[in-house]
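Undergrad: Build me a model from this:
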Amino acid sequence: MKKLTFIIVATILSINSYQLNAFAEKLSFKDCTTLTSNESQCKDCCDCLDVDAATRRQCRQACTATDFRLNSRTMAMKVPSILGPDGDYSVALKATTEQACKEYCDGSDELACGDRRYCRDACNAAYFKNSPERKHRFGSFDRNHDGFLDIN
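TA: Okay, here's the model as predicted:
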């Protein structure tokens, strides 16, 4: 009896897993905001939508205004990444502005959807160092090679 129960449960789980994978290929903007459990998952979902860069950006912006506590049914997002957080995003970083860098990340067909976030993170890091916002927040301090702050 235990063996039969195990087989039935395993079969149901494999069918549900297959349906989730098939479903993930047809995600919509609305699915990202209603079927995820937090802002990070929602934004990852948006990055994987088969839409243009502007729609991905709108979707991510909608994630920031979503109350995820209202989502009673959620799915786990497994976002494929090839380059990872330490990947080579130098093509994006050649852009002349932070916005152009992020637009490349959002619209590039060469990036896996999981790499879009890491690409934008690379843009943030590269352009924040010299930004007026950084200087306003932190003054003109920089860390030297020993890790200590230098006052400029």
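Undergrad: tell me the domain boundaries of this structure?
TA: Domains of the chain are assigned by automatic domain parsing as 1-79, 81-134.
Undergrad: buried ones in the helix or strand encompassing A54?
TA: In the assignment (DSSP states H and E), A54 maps to helix 53-64. Of the residues in helix 53-64, 56, 59-60, 62-63 count as buried by neighbour count, 16 or more other C-beta atoms under 10 Å. C-beta coordinates here come from the backbone N, C-alpha and C atoms, glycine included.
Undergrad: what's C48 in contact with, if anything?
TA: 24, 27, 77, 79, 113-114 (C-beta atoms under 8 Å, 6 or more residues apart in numbering).
Undergrad: Go through the domains of the chain and pick out the most buried.
TA: Counting by mean count of other C-beta atoms under 10 Å, domain 81-134 has the highest mean neighbour count of the domains of the chain, with a mean of 16.
Undergrad: mean confidence score for it?
TA: Here domain 81-134 scores 90 as its mean pLDDT.
Undergrad: re the thing from before, report the two of the contacts of C48 separated the most.
TA: The two members of the contacts of C48 with the most space between them (C-beta to C-beta) are L27 and G114, at 14.0 Å.
Undergrad: Tell me where this protein has strands.
TA: 141-143, 149-151 (DSSP state E).
Undergrad: just to revisit the earlier point, packing partners for the helix holding A54?
TA: For helix 53-64, the elements it packs on are helix 29-34, helix 39-47, helix 98-107, judged by 3 or more C-beta pairs under 8 Å, 6 or more residues apart in numbering; DSSP states H and E.
Undergrad: so which of the ones you listed comes closest to S72?
TA: Minimum separation from S72 across those (C-beta to C-beta) falls at helix 29-34, 9.4 Å.
Undergrad: neighbouring contacts of that closest one?
TA: For helix 29-34, contacts defined as C-beta under 8 Å, 6+ apart pick out 42, 45-46, 49, 51, 55, 58-59, 62-63, 66, 71.
Undergrad: Let me know the closest of the residues you listed to Q99.
TA: Proximity of those to Q99 (C-beta to C-beta) peaks at Q58, which lies at 15.4 Å.
Undergrad: Quick check: pLDDT value at the closest residue to that closest one other than its chain neighbours.
TA: Of all residues not flanking Q58 in the chain, F29 sits nearest, at 7.5 Å (C-beta to C-beta, 6 or more residues apart in numbering). pLDDT, F29: 90.
Undergrad: All good on my end, thank you.
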